[in-house]
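Novice: A predicted structure for the sequence below; I have some questions about it.
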Amino acid sequence: MSDRVDDLHDADVAPGDQEEIRIAPRLLGYVVGLGLALLLTATSFFVAGTDLVWQPSIPVALVVLAIAQMGVHLVFFLHITTGPDNTNNVMALAFGILIVILVIGGSLWIMANLNHNMMPMDQIMQMQR
Amino acid sequence: MSVTIAYGARDPHQVLGLDDVEHSGPASKRIVTGFGFWIFLLSDMVMFSCFFAAFAVLSGNTAGGPRGSEIFDLRNVAIETGCLLISSFTCGMASIAADVRNRFWFQVAMAVTCVLGLAFLFIEFREFAGLVARDAGPSRSAFLSAFFTLVGCHGLHVSAGILWLLTMMAQVFAKGFRADILRRILCFALFWHALDIIWVAVFSVVYLLGSAA
């Protein structure tokens, strides 16, 4: 137990570790996280198959629900918080998110642009004759 | 000493816990290990983001082969998602059990996590085998190549996670909750929860968006 107690007096906390050491509140945290995650998942699956909402809004809704669920997982399962002892973990996460956004957004943007500027395939075929 | 006074003046009621900044040396090994593994996980997510980018770019290029909406079975995906979500929860239970040094509940929670992970892998393998059997394997079209790479890479991660999980069960059984083994359990829990985050992106982007489009 001493290892753990030493950690709690440090200025930082390891990612995944919690400040709370009593069992009941930690258990409750996981239960709340699981409940929220299941709720968001169920909403995603419902939205994907429903005719009740305006169809073009479905992809946006799915992306928003997915990002919300990732946030739930980060907070309730990985215990990434905004507390002062978590600064290093949050900074690393922020950098990771920046790279992920650059990779995905940049690829989609460039490829869509290239697609848009490319001549239709039948015209290319004619030029080759 | 002047440092202590400065912090004391800034935080007189010590609500931020800044009072012990003065005598905190290098971070404990648990924090260093956990943070290093966190960096690895983030780099793993960057790698997955490349596969996601490839899938998003290629998802329309079916080369006359089947489209996503024709081959995805959303009921299977829902079951897989349930397996992984609940296994993340039981993995959290195992973390709590390890922190209070309760061997019995640790082994029970890890065993349940393992069974749920294996169920996930079984369903995924059956889906892949079914696709290959009906000539929709990874060589059929760019869309299917990207699909198998992305989802298969996540499946490989889950397989590695299950091997790691079994190793942790054996180590706790044989050696008990030593400090180094507790660090490995911390890293394993981070890994398992991170895989769940990636699966959230997979089922949203690949399966749900793929069947909606």
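Specialist: Looks like it came in fine.
Novice: so where's chain B shaky on pLDDT?
Specialist: Where chain B drops to pLDDT under 70, the residues are B:1-24, B:213.
Novice: so where do the helices sit in it?
Specialist: B:2-10, B:29-58, B:68-71, B:74-99, B:103-133, B:142-175, B:179-201, B:209-212 (DSSP state H).
Novice: how about those, which one is nearest A:Ile110?
Specialist: helix B:29-58 (9.0 Å; Cβ to Cβ). Where you see a C-beta, it was placed from the backbone N, CA and C, and this is true even at glycine.
Novice: if we can go back for a sec, how about the helices of chain B in a markdown table, adding distance to chain A and mean neighbour count?
Specialist: Converted to a markdown table, those look like this (distance: least, Cβ to the nearest Cβ, whole Å; neighbours: other Cβ atoms under 10 Å in any protein chain shown):
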| stretch | distance to chain A | mean neighbour count |
| --- | --- | --- |
| helix B:2-10 | 11 | 11 |
| helix B:29-58 | 3 | 19 |
| helix B:68-71 | 11 | 15 |
| helix B:74-99 | 4 | 21 |
| helix B:103-133 | 10 | 17 |
| helix B:142-175 | 12 | 17 |
| helix B:179-201 | 4 | 22 |
| helix B:209-212 | 5 | 19 |
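Novice: among these, which is nearest A:Ala14?
Specialist: The nearest among the helices of chain B, by Cβ to Cβ, is helix B:29-58 at 3.0 Å.
Novice: can you name the residue of chain A nearest chain B?
Specialist: A:Ala14 (3.0 Å; Cβ to the nearest Cβ).
Novice: if you drop the residues flanking it in sequence, what lies closest to that residue?
Specialist: Spatial nearest neighbour of A:Ala14, excluding adjacent residues (Cβ to Cβ, 6 or more residues apart in numbering or on different chains): B:Gly34 at 3.0 Å.
Novice: isn't the one you found right next to A:Pro15, touching?
Specialist: Yes. At 5.1 Å, B:Gly34 and A:Pro15 qualify as touching, with contact defined as Cβ atoms under 8 Å.
Novice: who touches both of the two?
Specialist: Contact criterion Cβ atoms under 8 Å, 6 or more residues apart in numbering or on different chains; residues shared by B:Gly34 and A:Pro15: B:Leu190.
Novice: what's downstream of the helix or strand of chain A with the lowest mean pLDDT, the next helix or strand?
Specialist: Of all helical and strand segments in chain A, the minimum by mean pLDDT, DSSP states H and E falls on helix A:2-8, at a mean of 45. Counting by DSSP states H and E, the next helix or strand C-terminal to helix A:2-8 is helix A:23-49.
Novice: now the element after that following helix, going C-ward?
Specialist: helix A:57-76.
Novice: what about that next one and chain B, any contact?
Specialist: Yes. Residues of helix A:57-76 contacting chain B under Cβ under 8 Å from any Cβ of the partner chain: A:Ile58, A:Pro59, A:Leu62, A:Val63, A:Leu65, A:Ala66, A:Gln69, A:Met70, A:His73, A:Leu74.
Novice: run through the residues that contact the last one.
Specialist: By Cβ under 8 Å, 6+ apart, the contact set of A:Leu74 is A:Ile80, A:Leu93, B:Ile197.
Novice: and the second one, how many neighbours does it have?
Specialist: A:Leu93 has 19 neighbours, counted by other Cβ atoms under 10 Å in any protein chain shown.
Novice: please apply the same query to the first one.
Specialist: Under the neighbour criterion other Cβ under 10 Å, A:Ile80 is assigned a count of 19.
Novice: wait, it touches A:Asn88, no?
Specialist: No. With contact defined as Cβ under 8 Å, A:Ile80 does not count as touching A:Asn88 (10.7 Å).
Novice: ramachandran angles for A:Pro120?
Specialist: A:Pro120 has phi and psi values of phi -60, psi 150 when expressed as degrees, to the nearest 10.
Novice: count the neighbours of it for me.
Specialist: A:Pro120, neighbours per other Cβ under 10 Å, totals 8.
Novice: ok, it to B:Leu58 distance?
Specialist: According to Cβ to Cβ, to the nearest Å, A:Pro120 and B:Leu58 sit 19 Å apart.
Novice: how about B:Leu195?
Specialist: 23 Å.
Novice: now do B:Arg140
Specialist: For B:Arg140 relative to B:Leu58 (Cβ to Cβ), the value is 12 Å.
Novice: again, but for A:Ala92
Specialist: Taken as Cβ to Cβ, the span from A:Ala92 to B:Leu58 is 30 Å.
Novice: got it, and B:Trp199?
Specialist: 20 Å.
Novice: next: A:Met121.
Specialist: Taken as Cβ to Cβ, the span from A:Met121 to B:Leu58 is 16 Å.
Novice: equivalent analysis for B:Ile86, please.
Specialist: Applying Cβ to Cβ to B:Ile86 and B:Leu58 gives a distance of 32 Å.
Novice: likewise B:Val151?
Specialist: 14 Å.
Novice: before we move on, back to that, as CSV, the residues of helix A:57-76 next to chain B with pLDDT would be great.
Specialist: Output for the residues of helix A:57-76 next to chain B, formatted as CSV (pLDDT from 0 to 100):
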residue, pLDDT
A:Ile58, 91
A:Pro59, 92
A:Leu62, 94
A:Val63, 94
A:Leu65, 96
A:Ala66, 96
A:Gln69, 96
A:Met70, 96
A:His73, 96
A:Leu74, 95
